[in-house]
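Novice: can't give you the sequence, but here's the structure:
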């Protein structure tokens, strides 16, 4: 009897051992520069099992049958790969490399290939994924513009003619949460809305939530736009330089110590050094003027022979810039540390001066005095506004199933206006005003992800945020 029990127990243990499930863990990378591909799709062929990679390109498929299978890996802008994998064997983490798909600018017959540029999520409500690289296929004004491309999606409209600002499902543009590497960006355009404030060459992935926002994003009324910046090339140094009718841009990538990379992106307009017909058209469109003011001299009151004053109007001086600097370290197989910094600003100088001669030649001047008096009236008028922010992120994988991410971010928006009216050579009124307003945002987040089983993923964490605003004004008037 004992021998029979032993045989039966052994038989069942062998059967159960054959049916043991195993986890499949790994990462998805760019084949050329080893850049992690966030939110790539991994599906077990012939089943309903699938998962997406995290922000660092890692994934884990929990409790997959211990038998040979085929993994289908896809990412926007890359060739879909089919990977044969024997899950019955004990193997280390997978490293899947995808090859970038060449952009095709030739005329094609579009049937139903909307997923080439965007991907609509099947597991999250109202979520859309975009690849900035694929947006080059769309019509753009001079260069790829992420926010102008978003206006082509259903439910998203422009804040005005020619503006890159967006309204989502009827909400205002100030009701959107715009995130870049975890930092909150408040002002997202240049040149009064004509261009977005982000260089598409430095952005790797864009997640758009038009509704049903995950709890980790807190409260927003209209939408959440979560952008992930590129880490930089891990294999070789790269340098790129470009120019268009409005601005020039620079992109630099290089590997660094601790298995890390550094990316630097800089863009600046040159309209303050050299005017172009394109800038003049944009200025007229934004301001509504029939023409761009230039240096000129004219009689203020042509009907009055005693009024010899002339006006000199200074050409409007305007320029913008944005800078994105990101450093990423991978000190071990389980850790990813990244530091990201962003700065963007616009400057507008509308200063002008009025100069001329008062009084009649030889006498009859002002106040009964004789002779003429030269007077110059100066109007210094300057405005600048923009964002400044940084974020520090540390992601640690305790096991293939459990990971934690700590994120500290700090960002601020400032708008400064100054005007100074004064005269040279003739007295007169002096008026001066300086106005400054802005918002600051400091936050710390701890996110945890636990893959409990094949059907459940548990996400939990905490967040603390410190918000502040300020408005300062100083006025001086000699009257």
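Specialist: On my side now, so go ahead. Here the structure is a predicted model, which means the values were calculated and not measured.
Novice: Pretty sure residue 85 sits against residue 67.
Specialist: No - assessed by CB atoms under 8 Å, residue 85 is found out of contact with residue 67, at 10.0 Å. C-beta coordinates here come from the backbone N, C-alpha and C atoms, glycine included.
Novice: The two: which is more packed in?
Specialist: More neighbours surround residue 85 than the other of residue 85 and residue 67, with 18 against 12 (other CB atoms under 10 Å).
Novice: Could you check how far that one is from residue 69?
Specialist: 6 Å (CB to CB, to the nearest Å).
Novice: Need the pLDDT of the residue nearest to residue 384 when sequence neighbours are not counted.
Specialist: Spatial nearest neighbour of residue 384, excluding adjacent residues (CB to CB, 6 or more residues apart in numbering): residue 347 at 4.6 Å. You'll see residue 347 listed with a pLDDT of 91.
Novice: Tell me the bridge partners for residue 347.
Specialist: Taking DSSP bridges, one obtains residue 319, residue 384 as the residues bridged to residue 347.
Novice: quick one: contacts for it?
Specialist: By CB atoms under 8 Å, 6 or more residues apart in numbering, the contact set of residue 347 is 272, 317-320, 382-384.
Novice: quick one: it and residue 191, what's the gap?
Specialist: Separation of residue 347 from residue 191 (CB to CB): 11 Å.
Novice: and what of residue 469?
Specialist: In this view, residue 469 and residue 191 are 25 Å apart by CB to CB.
Novice: Show me which of these two is the more surrounded one.
Specialist: Each of residue 469 and residue 191 has its neighbours counted (other CB under 10 Å); residue 191 has more, 22 against 9.
Novice: Surely that one is in contact with residue 344?
Specialist: No - if you go by CB under 8 Å, residue 191 and residue 344 don't touch, sitting 11.6 Å apart.
Novice: Now for these two: what residues contact both?
Specialist: Joint contacts of residue 191 and residue 344 (CB under 8 Å, 6+ apart) are residue 320.
Novice: hang on, the earlier thing: residues that sit against both of residue 347 and residue 191, list them.
Specialist: 318, 320.
Novice: Could you double-check that residue 331 sits in contact with residue 258?
Specialist: Yes - with contact defined as CB under 8 Å, residue 331 reaches residue 258; the gap is 5.1 Å.
Novice: List the strands paired with the helix or strand harbouring residue 63, with their directions.
Specialist: Remark: residue 63 resides in strand 58-65, with elements defined by DSSP states H and E. Using DSSP bridges, strand 58-65 pairs in its sheet with strand 21-30 (antiparallel).
Novice: tell me the helices in the stretch 251-400 of the chain, going along the chain?
Specialist: Using DSSP state H, counting those that start in this stretch, the helices found in the stretch 251-400 of the chain span residues 277-287.
Novice: dump the residue contacts of the residue minimising distance to the centre of the chain.
Specialist: The centroid of the chain falls nearest to residue 198 when counting by CA atoms, centre = their mean (4.6 Å). Contacts here follow CB under 8 Å, 6+ apart; on that basis residue 198 touches 146-147, 180, 188, 227, 322, 324.
Novice: So which of those sit within strands?
Specialist: In this view, the contacts of residue 198 that belong to strands under DSSP state E are 180, 227, 322, 324.
Novice: between those, which is nearest residue 376?
Specialist: Nearest to residue 376 among those: residue 322, at 36.8 Å, using CB to CB.
Novice: I'd assumed residue 267 was in contact with that closest one.
Specialist: Yes - contact criterion CB under 8 Å: residue 322 and residue 267 qualify, at 5.3 Å.
Novice: Now list whatever residues contact both of the two.
Specialist: Between them, residue 322 and residue 267 share these contacting residues under CB under 8 Å, 6+ apart: residue 199.
Novice: where does the stretch 1-150 of the chain dip in pLDDT?
Specialist: 1-19, 102-125, 139-142 (pLDDT under 70).
Novice: just the helices in it please.
Specialist: With DSSP H, counting those that start in this stretch as the criterion, the stretch 1-150 of the chain has helices spanning 2-18, 146-150.
Novice: I'd like the next helix or strand past the shortest one.
Specialist: What it means is helix 146-150. Downstream of helix 146-150, the next assigned helix or strand under DSSP H and E is strand 156-158.
Novice: helices and strands around that following strand, which ones?
Specialist: With contacts defined as 3 or more CB pairs under 8 Å, 6 or more residues apart in numbering; DSSP states H and E, strand 156-158 has these neighbours: strand 166-168.
Novice: strands paired with the strand it packs on, and their directions?
Specialist: Counting by DSSP bridges, strand 166-168 is paired with strand 156-158 (antiparallel).
Novice: just how off-centre is the strand it pairs with within its chain?
Specialist: Relative to its parent chain, strand 156-158 has a centroid offset of 17 Å by CA atoms, centre = their mean, to the nearest Å.
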